[in-house]
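**Q** Sequence and predicted structure are below.
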Amino acid sequence: MESDGGKTIFEKIIDREIPAEILMEDERCIVIRDINPGAPIHVLIIPKRKIARLSEAQNSDILILGHLLLTAQQFAKRQGLGDGFRIVVNNGPHAGETVPHLHIHFLAGKPMIWPPC
Ligand code: 5GP
């Protein structure tokens, strides 16, 4: 799902070239509602600086990686979700990754089963 001009769909959303429902944003990341939700609440937490996927992150990415998880925690608190949420990272096409720009799926609002697949 790589976009034209070398930009991913998420870079285009971050750059306001295509619309998305933006729920939170700061200097490091953006939180948007997933266009094809898999749960009543399904948002994506996306770093503004593109890292293709977790397996390509560097030691120098430690702050942004922590920030993404703490943003998930903050979003859950704001939504009053307490401990009832799941986060998922699909790393690589074999794991279901369709957008090569790291993102955390945040899912909530229904009972979750385990294992997920
Ligand atoms: P992945 O499959 O890479 O782990 O997750 C990509 C997610 O991005 C999918 O859940 C998909 O529904 C979502 N997505 C793809 N294109 C768009 C879009 O244009 N806008 C929004 N908001 N979500 C998108």
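**A** That came in fine, so what should we check first?
**Q** now L44, what's its secondary structure?
**A** strand (DSSP: H, G, I helix; E, B strand; the rest coil).
**Q** who touches it in this structure?
**A** F10, V31, I32, R33, D34, H103, I104, H105, F106 (Cβ atoms under 8 Å, 6 or more residues apart in numbering). Glycine gets a C-beta too; all of them are placed from N, C-alpha and C.
**Q** Next: A108.
**A** Applying Cβ under 8 Å, 6+ apart to A108 gives the contacts A39, P40, I41, A76, Q79, L81, G84, F85, R86.
**Q** That one bridge partners, please.
**A** When bridges are called by DSSP bridges, A108 pairs up with I41.
**Q** Let me see the confidence value for it.
**A** A108 is assigned 97 on the pLDDT scale.
**Q** Give me the distance between the two termini of stretch 72-88.
**A** 11 Å (Cα to Cα, to the nearest Å).
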